[in-house]
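Asker: Fold the following, please.
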Amino acid sequence: MDKSFRPKSFEEFVGQKHLVGEDAPLRKLLEKNALPHSFFYGPPGTGKTTLARIIAHTLGRDFYELNATSLKIEEIRKIVARYEGALLRPLIFIDEVHRLSRTQQEVLLPIMEKEQALILGASTENPFFSLTAAIRSRSMLFAFEPLSDEELRTIAKRVCEKLGCEISEEALTYLLRISQGDARNVIKFVRTAAAIESHIDLELLQKLAPSSYHEGAKSDETHYALASALIKSIRGSDIDAALYYLARLIVSGEPPEFIARRLVILASEDIGNANPNALPLAVATMDAVKQIGYPEARIILSQCVIYLASSPKSNAAYTAINKAIKAVEEGEIYPIPKHLLPPKFTGYKYPHDYGGYVEQEYMSKPMRFYESRGVGYEKRLDEWITKIRGS
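Answerer: Predicted structure coming up:
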């Protein structure tokens, strides 16, 4: 977002009332000067960087903005060294935080532990699984919501007021549609149009942003909503609906990599071993569209979507790992049987010496997480397990 249009206080900030409203938790933490290290995630143009700047201003801390893709470890160390012995430590903001390497996170950890700086991060993707357990245990995660039409309208009018221009109601409605919930898009289009005419009408905006570029997503149907509709259509085996939402995403200019990543997740979460070929095909699609891009990437995505929608479905793998994680998080931590422990493995029976399977204890307390749906190739796997176990 252009700095000249960036809000400088909570009163000017638009959106995210669940976080910064008068009685919202993040606002309360700030008022009590008790905000821990935090990571923000959500759609682009929803105020993540702006809020980090407001937080730094509110706390009276120096602000350093870095990006995980180009972050140098020495850079972080130099910033921290400048404030050694200072009463007020800096605020270090890291964008694209899901791209932090393990080495970078290891450098951040002691800084977070010793409170040498307040660390804030942002991402358009949920960074939970890309952050180490040690980082997660020392920080909070806050989700940002897409901006509403009314919030975008407020931003557009403020920009017009600052630039001394006017915008017609027709043009404003069109602006909200093509901006796709992104405040940066609103500011960009208004600024560009205002540089041409002081009165912004529909015709001018349509010349700057042809509808064919943006009609894939309406302002109240963000790319997240369209992606969700695509996934649910594939899960429901509706090929034509899936292709329709894929087309909406493509026409609205959604990067093919974003779409392909969702297809990879679906291939495992919703199809799994009912058709084990689905995952490698989705991964191949993700690799291919990175290399090729539009317009040809649309064909590759179409092939993958049709295949996934046509595949038998099973969420057994998804359900099984969720159950196992829940058990561990709820404290079901039991000792590993002695014959599985290195270095001696005393008493361990090597299955290959018994024709591929031998009954022995693998958990000190038996627990069951996996329940096959018996769908597609899962049925063959079930038959094989039953056969080797002799039951």
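Asker: Angles on the backbone of His352, please.
Answerer: Torsion angles at His352 (phi, psi; degrees, to the nearest 10) stand at phi -70, psi -20.
Asker: Quick check: the gap between it and Val358.
Answerer: Separation of His352 from Val358 (C-beta to C-beta, to the nearest Å) stands at 9 Å. Where you see a C-beta, it was placed from the backbone N, CA and C, and this is true even at glycine.
Asker: Which one's more surrounded, these two?
Answerer: Neighbour count, other C-beta atoms under 10 Å: between His352 and Val358, Val358 has more, with 12 against 8.
Asker: need the contact list for the closest residue to Pro7 other than its chain neighbours.
Answerer: Nearest residue to Pro7 in three dimensions, chain neighbours excluded: Phe13, at 4.6 Å (C-beta to C-beta, 6 or more residues apart in numbering). Contacts for Phe13 were tallied using C-beta atoms under 8 Å, 6 or more residues apart in numbering; they are 7, 20, 47, 50-51, 54.
Asker: May I ask which of these has the most neighbours?
Answerer: Busiest of those [other C-beta under 10 Å] is Gly47, holding 27 neighbours.
Asker: quick one: that one and Gln16 touch, right?
Answerer: Yes: the pair Gly47 / Gln16 is scored as a contact, 5.9 Å apart, by C-beta atoms under 8 Å.
Asker: Identify the contacts common to those two.
Answerer: With C-beta under 8 Å, 6+ apart as the test, Gly47 and Gln16 both reach Phe144.
Asker: Poorly predicted segments of the chain, please.
Answerer: Applying pLDDT under 70 to the chain flags residues 1-4, 210-223, 391.
Asker: residues in contact with stretch 64-75?
Answerer: By C-beta under 8 Å, 6+ apart, the residues outside stretch 64-75 that reach it are 49, 52, 76, 79, 90-100, 103-104, 107, 121.
Asker: Show me the protein divided up by domain.
Answerer: Per the record, the chain has its domains at 3-143, 149-214, 223-310, 335-389, by automatic domain parsing.
Asker: thinking again about what came up before, what's the residue nearest to Pro7 sitting at in phi/psi?
Answerer: Phi and psi for Phe13, reported as degrees, to the nearest 10, are phi -70, psi 130.
Asker: Give me the neighbour count for Ile119.
Answerer: Residues within reach of Ile119, counting by other C-beta under 10 Å, total 24.
Asker: Quick one: classify it as helix, strand or coil.
Answerer: When classified by DSSP: H, G, I helix; E, B strand; the rest coil, Ile119 comes out as strand.
Asker: pretty sure it is touching Ser139, no?
Answerer: Yes: counting by C-beta under 8 Å, Ile119 touches Ser139, with 7.2 Å between them.
Asker: Phi, psi for the most centrally placed residue in the chain please.
Answerer: Compute the mean C-alpha point of the chain, and by C-alpha atoms, centre = their mean the closest residue is Glu125, 1.7 Å away. As for Glu125, its main-chain torsions (degrees, to the nearest 10) stand at phi -120, psi 150.
Asker: residue contacts, it?
Answerer: Taking C-beta under 8 Å, 6+ apart, we find Glu125 in contact with 41, 98.
Asker: nearest residue to Asp238 other than its sequence neighbours?
Answerer: Nearest to Asp238 is Ala309, by C-beta to C-beta, 6+ apart, at 6.7 Å.
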